[in-house]
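>>> need a structure here:
(one chain, ligands or ions: 1)
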Amino acid sequence: MNKKTIAIIGGGYAGIHAIKSIQKKVSKQEQFRLVLIDPRPSHVRKVLMFKPAVNEVDITVPWEKLFPESVEIIEGAVTDINHQTKTIFYRNNRQETGILPYEFAVVAVGSVIQQASPEQGGISLSNSEAAMEIRNRWQSDLRRALQLSDSVERKRLMTITVVGAGISGVETSASLAEQMKQYAQDIGLQPNNIRVHLINSKERLFIEGNKRMSAKLEDLLTSMGVNVLHNTKAVQEKDGEVLLTTGEKISSGLCVWTIGLIPNPVLASWSLPITENGRIKVDESYRVIGKAGIYSIGDCTRIVDPRNGAEDTMTCKEATMQGKRLSKVILADFYKRKAPVHKKTIATYCFGIGEKKGLVWIRFLKMNVILSGKLGLYIRKLTWDMASLLK
Ligand SMILES: Cc1cc2nc3c(=O)[nH]c(=O)nc-3n(C[C@H](O)[C@H](O)[C@H](O)COP(=O)(O)OP(=O)(O)OC[C@H]3O[C@@H](n4cnc5c(N)ncnc54)[C@H](O)[C@@H]3O)c2cc1C
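The predicted structure follows:
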């Protein structure tokens, strides 16, 4: 049988859930060939990016483990798609170009982590290599601090400033505080002298949720030894000092930037319609506007709930839900049936606060449900694993 190719471009959370969901629905009919194209040799568990900044840990899952059968993998970066000829253009890791004909193409190239400019100093937590650089830096700073008799310089080396207080900044600062204290104790420094500052540009943490959740989050961070500064931004890190917009300077051994995500800039050179801020334009069933046969989901896509106009944000949860729904859309389009439309999911946010604490906030039927303690941590870990198809 001449199988129709469904090409998934990008094996992040959106892409892998789309594949899994298509596999579940079409495995018996065997009319489709599934091809995943991604420049990386494995799925990166992006939400765990803070982990290699504090411990030696692998946050990748090889494609073969996720898809032991019936998914072809092309390790390459897509450079464009032509919907008229139904071809995808890519460059593989040996810099050779290739062309893949398809019946359906799914764009799920995600987002990239925003980086501070080189003049702003510090290190942006932008990928696993940057995370390892951060870990090496604070560990060597603490070892240097141990040799010093100058108490001012020792204090500086035992201080880190994390700039940006979204989920990533909150989880990074909590883990740094926890692990730096442990490391300090192990090498003979006083753990209580570790300082972690978290710079928040808003008036409170987690502005998406209610005030009670913000307060709980801040209490937890404070209990870990994180000092949160609100209503201020960092300008730059220079000569061991982080300068804030308030004029205040924080003497720090290291400045770590966690300042958010932007849609994958690679899309600017593709022939797909994008919004002013770089997200692909789709209809209510993830079909790219004016490009029949091409769909787009995840961080790289502007997706709106047609019932209330609410736009999906760049979160893992939304990306995975879109991936699951997309399989139904593609099959409906193939069999010329009515396709499902996008629906915003219940607002849920999970925070891991160090190794032992978690906090979950769910907005349900106008109620704010907060789960903390062991249950919060259990749900946090479960969502991390489910997102990467490990549960
Ligand atoms: C540090 C950090 C912490 C986060 N924490 C949370 C959290 O706690 N909860 C939450 O809900 N969200 C969190 N997020 C956001 C979440 O990670 C994203 O919303 C999610 O990764 C989006 O999934 P995606 O599949 O759209 O894109 P991505 O995960 O970005 O995946 C995109 C994939 O496309 C591939 N790709 C890129 N370019 C090409 C190309 N040219 N050709 C082919 N493939 C390509 C990439 O290699 C990658 O595999 C966090 C993000 C970061 C950075």
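
>>> how about the residues of the stretch 1-150 of the chain that lie near the ligand?
Among all residues of the stretch 1-150 of the chain, those adjacent to the ligand (criterion: Cβ under 6 Å from any ligand atom) are 9-15, 37-40, 44, 46-47, 49, 77-78, 108-111, 113. Heads up, the C-betas are built off the backbone N, CA and C, glycines and all.

>>> mind listing the strands for the stretch 101-250 of the chain?
Secondary structure of the stretch 101-250 of the chain by DSSP state E, counting those that start in this stretch: the strands cover 104-107, 111-113, 123-124, 159-163, 195-199, 226-229, 234-238, 241-244, 249-251.

>>> and the fifth one, how far from the chain's centre?
By that I understand strand 195-199. In terms of Cα atoms, centre = their mean, to the nearest Å, the gap separating the centre of strand 195-199 from the centre of its chain is 21 Å.

>>> Just the endpoints, please. Distance across stretch 199-207?
With Cα to Cα, to the nearest Å as the measure, stretch 199-207 spans 14 Å from end to end.

>>> Could you give me the buried positions within that stretch?
Along stretch 199-207, the positions that meet the burial threshold by neighbour count (16 or more other Cβ atoms under 10 Å) are I199, N200, S201, R204, L205, F206.

>>> just stretch 50-65 next, same as before
Of the residues in stretch 50-65, those buried by neighbour count under the rule 16+ other Cβ under 10 Å are F50, K51, P52, A53, V54, I59, V61, W63.

>>> Identify the residue nearest V256 in space, chain neighbours excluded?
Closest residue in space to V256, ignoring its immediate chain neighbours: V162 at 4.9 Å, by Cβ to Cβ, 6 or more residues apart in numbering.

>>> so who does that neighbour touch?
G169, T172, S173, L176, V196, H197, L198, I199, V256, T258 (Cβ atoms under 8 Å, 6 or more residues apart in numbering).

>>> Report the beta-bridge partner residues of the fifth one.
Here V196 sits in beta bridges with I160, V226, going by DSSP bridges.

>>> my read: it touches M158, true?
No - using Cβ atoms under 8 Å, V196 and M158 do not qualify as a contacting pair, with a distance of 9.7 Å.

>>> okay, and the common contacts of these two?
Taking Cβ under 8 Å, 6+ apart as the criterion, V196 and M158 both touch M180.

>>> next structured bit after the helix or strand containing I73?
Secondary structure here is read from DSSP states H and E; on that basis I73 sits in strand 71-82. Heading C-terminal from strand 71-82, the first helix or strand you meet, by DSSP H and E, is strand 87-92.

>>> pLDDT below threshold where in the chain?
Counting by pLDDT under 70, the low-confidence segments of the chain come to 1, 27-30.

>>> what about the helices in it?
In the chain, the segments counted as helices under DSSP state H are 13-26, 63-66, 128-147, 151-157, 167-187, 211-224, 316-334, 373-387.

>>> Quick check: can you list the domain ranges of the chain?
For the chain, whose domains are defined here by automatic domain parsing, the residue ranges read 4-113+262-345, 118-259.

>>> Turn the ones you listed into a markdown table, columns for distance to K356.
Formatted as a markdown table, these follow (distance: least, Cβ to Cβ, whole Å):
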| stretch | distance to K356 |
| --- | --- |
| domain 4-113+262-345 | 14 |
| domain 118-259 | 8 |
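
>>> The residue in the stretch 51-200 of the chain that the ligand sits nearest to: what's it in contact with?
Here the residue of the stretch 51-200 of the chain nearest the ligand is G110; by Cβ to the nearest ligand atom that distance is 2.2 Å. Under the criterion of Cβ under 8 Å, 6+ apart, the contact partners of G110 comprise G10, G12, A14, K46, N264, G298, D299, C300, A319.
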